[in-house]
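Visitor: Need a 3D model of the sequence below.
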Amino acid sequence: MIVLSFAVFIVVGYFVSRKVKNSEDYYVMGHQAGTLLTTGTIIASYCSSAFFTGIFAMSYNNGLGSGILNYGCLVTWIILMFVLGPRVSRMKVWTIPEILGKRYGTDRIRTLASVLLIFACATYLVSIFVACGIALGPPLGISTKAAIIISGIVVLIFSVSGGMWGVVVTDTMMMFLFLAAAFIGFPVALTHGGINNPMELVAVINEKLPGTFTASGYLPMFGNPIWSGGGFVGFITMMIITSGGVGLTSSLTLSRVMICKNDKTVARSFMLAQILLIVLAFLIHTTAPFIKIVAPADVRGPSGYIWMLTQWVPPVITGVILAGIAAAGLSTASTLLQQTGSSVGNDIIAKFFMKNIPADQKDKKILNVSRLVMGIVGVVMVLVCMIDVAGDFFVLYSWAFASGIFMCWLPAIVVGAVSKKVTEPAAFWSTLISLIVYLINWVLTLVNPQVPHQIFITAPLCFIILFVVMRQRKPTEREVDGFWKMQSKQYKKTHGYTNVEG
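Guide: Got it, this is the predicted structure:
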C-alpha cells in the first residue's frame, strides 16, 4: 500500500505538472491557486512528516502541555491573513528575497535574503528527510538511513520535474490523509490501553506517568536559569516564538501566499488552515500518553505514532496513511528545494550573470540553474542525514534551528509592509546582524547550555536594530515606492497616492 500510494502521488503530480508552461507556473502556479488547494498545501507543508514524528514526540516525551501549546503560528497567521499576506500577494513575486528587493529597491538586501533562505531551507531539509526515514523505515523493514536515501531520490525526481502545481495538488490529497490519520488514531489510541473505562485508564496514566495531563508535563515549571529549555516556561516560550516566526515569514508560509489568486484567497485559506491545525494538533498530541502507557520501552518519541499505526490499525489503512505522512514530507522538501533553487537562479544568477541575455532565453536558463541547485542541495542534505539520526530530538531540533533563522528577516518584511519609514539600511543591517548573532549564540549554547537559547536573543535584537537604524535617515523615493507597491488600491486612494499603478 505504501508503494502503491507513492505511485499514485507521483502519477498525479506528473499529470498536474503538465500545466507548467514557464518559470512562473513552475514556481508559483501562475498565481492561480484557489482556497481548497491553498489550504491543503498550507496544512501539508506546515505539518509535514515532522508533525507525526518530532513534534508528536514533545507530548510523548514531555507530557501534553508542551505539545498542545507550541503553535505560535495560530496567532501570527492572523497577522498573515489580514496584514502581511494581502500585501505580499499584490507584489506577484516568486521568492521572499524578491519581496525585499522590490520593497527596498536594492540588490544588496535581495542577495542577503537569498543567502539566509538557502541556509535555512537546507537545514530544514534535515528535519524532513529524517522524519521520512522514521515514517518509512520500520514498516518497510529497512533501516532509517536506507529510507532517507529512498526519500531523497524520490523527492529529487519530484522536485526537478513537478513544479509547484504537482506539489500543491498532491499536498491537498495528503491533507485529507492527515485528517484521516488523526480521526482514526485518536479513538484507536484511547481504546488500546488494556482498560475499558477511560477514566480508570487516565488514573493509571497519572500514576505511572506523573504530570502527563498537567500544563508543564514531565518538565519542571522553571529551568535553571529561567530561560533554560529544561524548564517548561523556557521551553514553551522558545517554541511559541519559533513557531510564530516560521508561521509568519518562513519560505513554506510565504510561498503559499505567492500562489494565491487574490487577497480573499489568502484570508480564507489561512483561516480554514487555522481551524484544521487546531483540530489536528489536539487529536494527534492527545494520543501520546495513551500510546506511551502500553508501548514497549524501546519505542522512542518520534516513532510513537508510527508504532501505534503499525500495531493497532489494519495494514491497508496504515499503508495509505504512512504513505501520506511520508509523501507530505517529500512534498515539503520539494518546496524547500524549489525555493532554494529559485532563489539562486532568480535572485542571484539572473541578477548578476544574466543581465545581457534576451528574456526568451533567460527563462529557460533560470529553470536549468534552479534544477541543478536543487539536485546539489538535495544530495548534500541527504548525506548530512547519514551522520546521525539516532537522537530523539533530532527532527524537532533541526526544525527549530532552521525556523529560528527566519526570525532574522521578520521585521524587515512585516514592519516594512506596514510602514513607509523603514529604510533599506535598517532592513539590511537588522537581518545581517541578527543572522550573525543567531549563529554565534547557537555555537555558544553548544559549549555552555546555560547560555540563553538563540531565539531569545535574536527575536528582540532584529527589531531593535531595525528601529534604531531607520531613525538615522529618511526613506528614499525608491524605498517609499516599494512600500506603496504592497498597498491596496483603496489604501492608496485614501492616502492620496497615485504614482504606482495597480
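Visitor: Next, report how far the helix ranked longest in the chain is displaced from the centre of its chain.
Guide: For the chain, the longest helix by residue count, based on DSSP state H, is helix 144-190. Centroid separation between helix 144-190 and its chain, computed with CA atoms, centre = their mean, to the nearest Å, is 14 Å.
Visitor: How about stretch 335-353?
Guide: For stretch 335-353, the distance to the chain centre is 19 Å (CA atoms, centre = their mean).
Visitor: go on, stretch 15-31?
Guide: For stretch 15-31 - counting by CA atoms, centre = their mean - the centre lies 22 Å from the chain centre.
Visitor: Likewise for stretch 405-420?
Guide: Relative to its chain's centre, stretch 405-420 lies at 18 Å (CA atoms, centre = their mean).
Visitor: Could you number the chain from 21 rather than 1 from now on?
Guide: In the new numbering, first residue 21, that becomes stretch 425-440.
Visitor: Okay, buried residues for that stretch please.
Guide: Buried residues in stretch 425-440, counted by 16 or more other CB atoms under 10 Å: 425-437, 440. For glycine as for every other residue, the C-beta is placed from the backbone atoms N, C-alpha and C.
Visitor: Which ones among those residues map onto helices?
Guide: Counting by DSSP H, the buried residues of stretch 425-440 place 425, 430-437 in helices.
Visitor: quick one, the helix or strand harbouring residue 460 and helix 430-438 angle?
Guide: In this assignment (DSSP states H and E), residue 460 forms part of helix 444-467. Per axes from the mean of the first three to the mean of the last three CA atoms, to 10 degrees, the angle that helix 444-467 makes with helix 430-438 is 150 degrees.
Visitor: can you list the residues that contact helix 444-467?
Guide: When contacts are defined by CB atoms under 8 Å, 6 or more residues apart in numbering, helix 444-467 is touched by residues 120, 123-126, 128-129, 132-133, 136, 421, 424-425, 427-429, 431-432, 436, 471-474, 477-478, 481-483, 485-490, 492-493, 496, 499.
Visitor: quick one: average pLDDT of it?
Guide: Average pLDDT, helix 444-467: 92.
Visitor: re the thing from before, tabulate the ones in helices among the buried residues of stretch 425-440 in CSV, adding columns for pLDDT and distance to residue 315.
Guide: Formatted as CSV, those follow (pLDDT from 0 to 100; distance: CB to CB, whole Å):
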residue, pLDDT, distance to residue 315
425, 91, 34
430, 95, 39
431, 95, 43
432, 96, 45
433, 96, 42
434, 95, 42
435, 96, 46
436, 95, 48
437, 94, 46
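Visitor: export those to CSV and tack on distance to residue 338?
Guide: Converted to CSV, these look like this (distance: CB to CB, whole Å):
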residue, distance to residue 338
425, 35
430, 39
431, 45
432, 45
433, 41
434, 42
435, 47
436, 47
437, 44
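Visitor: Go through the buried residues of stretch 425-440 and say which is closest to residue 42.
Guide: Comparing the buried residues of stretch 425-440 against residue 42 with CB to CB places residue 433 closest, at 26.3 Å.
Visitor: ok, for that closest one, nearest residue in space, not its chain neighbours?
Guide: residue 269 (5.2 Å; CB to CB, 6 or more residues apart in numbering).
Visitor: go on, residue 361?
Guide: Using CB to CB, 6+ apart, the closest residue to residue 361 is residue 390 (3.5 Å).
Visitor: Contact partners for that neighbour?
Guide: 358, 361-362, 364-366.
Visitor: element containing it?
Guide: In the assignment (DSSP H and E), residue 390 maps to helix 379-405.
Visitor: got the angle for that helix vs helix 164-210?
Guide: Per the same axes, to 10 degrees, the angle that helix 379-405 makes with helix 164-210 is 80 degrees.
Visitor: Buried residues of the helix or strand that contains residue 304, list them for me.
Guide: Assigned by DSSP H and E, residue 304 falls within helix 283-306. Within helix 283-306, the residues that count as buried by 16+ other CB under 10 Å are 283, 285-290, 292-294, 296-297, 300-301, 303-306.
Visitor: in the stretch 321-470 of the chain, what spans have low per-residue confidence?
Guide: 348, 379-380, 408-416 (pLDDT under 70).
Visitor: Name the SS class of residue 236, please.
Guide: Classification of residue 236 using DSSP: H, G, I helix; E, B strand; the rest coil returns coil.
Visitor: which is the next helix or strand following the helix holding residue 304?
Guide: Under the assignment DSSP H and E, the closest C-terminal helix or strand after helix 283-306 is helix 308-312.
Visitor: So what touches that following helix?
Guide: With contact meaning CB under 8 Å, 6+ apart, helix 308-312 is reached by 76, 79-80, 83-84, 87, 209-210, 212-213, 221, 225, 229, 232-233, 324-325, 327-328.
Visitor: Measure how buried residue 48 is and give me the count.
Guide: 26 (other CB atoms under 10 Å).
Visitor: about what we covered before: what helices and strands are in contact with the helix holding residue 304?
Guide: Here helix 283-306 touches helix 55-67, helix 76-82, helix 84-88, helix 93-99, helix 105-111, helix 164-210, going by 3 or more CB pairs under 8 Å, 6 or more residues apart in numbering; DSSP states H and E.
Visitor: So which of those helices is nearest residue 507?
Guide: helix 105-111 (6.9 Å).
Visitor: and that closest one, average pLDDT?
Guide: On average, helix 105-111 scores 92.
Visitor: From the contact counts, what lies against it?
Guide: Applying 3+ CB pairs under 8 Å, 6+ apart, one finds that helix 105-111 contacts helix 116-124, helix 271-278, helix 283-306, helix 430-438.
Visitor: which stretch among those comes nearest residue 158?
Guide: helix 283-306 (18.5 Å).
Visitor: The closest one - what's its average pLDDT?
Guide: pLDDT averaged over helix 283-306 gives 90.
Visitor: And for stretch 120-130?
Guide: Per-residue scores along stretch 120-130 average to 92.
Visitor: buried set for that stretch?
Guide: 120-126, 128-130.
Visitor: Any idea how far apart the tips of that stretch sit?
Guide: Using CA to CA, to the nearest Å, the end-to-end distance of stretch 120-130 comes to 6 Å.
Visitor: Identify the residues contacting it?
Guide: 111, 113, 117-118, 133, 367, 371-372, 429, 432-433, 436-437, 443-444, 447-448, 451, 496, 498-499, 501-503, 505-506.
Visitor: Of these, keep whichever come out buried.
Guide: For those, buried by 16+ other CB under 10 Å: 111, 113, 117-118, 133, 367, 371, 429, 432-433, 436-437, 443-444, 447-448, 451, 499, 501-503, 505-506.
Visitor: Quick one: end-to-end distance for stretch 423-436.
Guide: End-to-end span of stretch 423-436 (CA to CA): 21 Å.
Visitor: Please apply the same query to stretch 424-432.
Guide: Start-to-end span of stretch 424-432 (CA to CA) is 15 Å.
Visitor: Could I get the contacting residues of residue 241?
Guide: Residue 241 neighbours (CB under 8 Å, 6+ apart): 251-253.
Visitor: Give the other helices and strands that the helix or strand harbouring residue 223 contacts.
Guide: Per DSSP H and E, residue 223 falls inside helix 218-228. For helix 218-228, the packing partners by 3+ CB pairs under 8 Å, 6+ apart come out as helix 308-312.
Visitor: next one: the helix it packs on to chain centre, how far?
Guide: On CA atoms, centre = their mean, the centre of helix 308-312 falls 26 Å from that of its chain.
Visitor: Just the CA trace of that helix, in CSV.
Guide: Output in CSV follows, covering the C-alpha atoms of helix 308-312 (Å, rounded to 0.1, in the frame of the first residue of the first chain):
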residue,chain,number,x,y,z
ALA,A,308,0.6,10.5,23.1
PRO,A,309,0.1,9.3,26.8
PHE,A,310,-2.4,6.6,25.7
ILE,A,311,0.3,5.2,23.3
LYS,A,312,3.2,5.6,25.7
